[in-house]
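1. got a structure for you, letters missing:
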């Protein structure tokens with residue numbers, strides 16, 4: 001029995017085998033991978049998931065830029081109807097094989113850059129990166145286009161605090 005990859009979408013890249021300076025890599029998810037990711041993310045469907053990346057730098061410090069795009073079916077939080085939309089998420093991640101404790105000290109300001117992601121055993125996983133940025137691009141409260149939330153309006157205030165308000169104002 002072989003170990004299951006950490007992500008349902010795994011495309012490990014051997015950093016040492018990349019061309020010097022710059023490389024382009026495209027990750028396309030299979031229909032089975034899309035179905036597994038949709039279930040993991042709790043959405044009805046996912047299709048056409050593609051990550052397009054440009055890798056630049058050295059084998060010890062690598063920058064990955066690009067985009068993740070997909071068609072997703074989500075459930076509207078207002079009408080509870082499924083609808084399809086596009087996700088397009090920009091990607092910019094730095095990888096390093098230097099442990100974070102050995103990285104040069106940055107200013108302790110709140111705006112300090114995020115520490116690099118690790119290059120593990122000479123590899124990075126562009127499939128996991130694709131899935132991660134897809135998750136970041138999903139709207140946590142999706143709303144079908146043209147649907148607006150309309151709060152229910154009632155004539156007189158009701159609810160737990162309405163009675164307290166009336167007592168305070170001497171209405172009861």
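-> Yep, it's here. Values in this document were obtained by computation on a predicted structure and should not be read as measured data. Numbers count the residues shown, from 1 in each chain.

2. the helices in the protein, which residues?
-> Here the chain has its helices, by DSSP state H, at 31-41, 126-137, 160-168.

3. just say which of these is most tucked in.
-> Highest mean neighbour count of the helices of the chain: helix 126-137, a mean of 21 (counted as mean count of other Cβ atoms under 10 Å). Using the backbone N, CA and C atoms, a C-beta is placed for each residue, glycine as well.

4. what residues are up against residue 124?
-> 12, 13, 15, 62, 64, 95, 117 (Cβ atoms under 8 Å, 6 or more residues apart in numbering).

5. could you give the separation of stretch 12-21 from the chain centroid?
-> Distance, stretch centre to chain centre, for stretch 12-21: 24 Å (Cα atoms, centre = their mean, to the nearest Å).

6. out of the helices of the chain, flag the one nearest residue 57.
-> helix 126-137 (14.6 Å; Cβ to Cβ).

7. circling back: make CSV from the helices of the chain and add mean pLDDT to it.
-> Listed next are these as CSV, based on pLDDT from 0 to 100:
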stretch, mean pLDDT
helix 31-41, 96
helix 126-137, 96
helix 160-168, 70
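
8. turn these into TSV, columns for distance to residue 20.
-> Shown next, in TSV, are the helices of the chain (distance: least, Cβ to Cβ, whole Å):
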stretch	distance to residue 20
helix 31-41	31
helix 126-137	19
helix 160-168	67
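
9. picking up where we left off before, out of the contacts of residue 124, the closest to residue 84 would be?
-> residue 64 (28.2 Å).

10. ok, back up a step: got the contacts of residue 124 as JSON lines, with distance to residue 52 columns?
-> Below are the contacts of residue 124 laid out as JSON lines (distance: Cβ to Cβ, whole Å):
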{"residue": "12", "distance to residue 52": "18"}
{"residue": "13", "distance to residue 52": "14"}
{"residue": "15", "distance to residue 52": "18"}
{"residue": "62", "distance to residue 52": "16"}
{"residue": "64", "distance to residue 52": "11"}
{"residue": "95", "distance to residue 52": "17"}
{"residue": "117", "distance to residue 52": "19"}
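
11. kindly indicate which of those residues lies nearest residue 39.
-> Using Cβ to Cβ, the contacts of residue 124 come closest to residue 39 at residue 12, 22.6 Å.

12. who's that closest one bridged to?
-> residue 125 (DSSP bridges).
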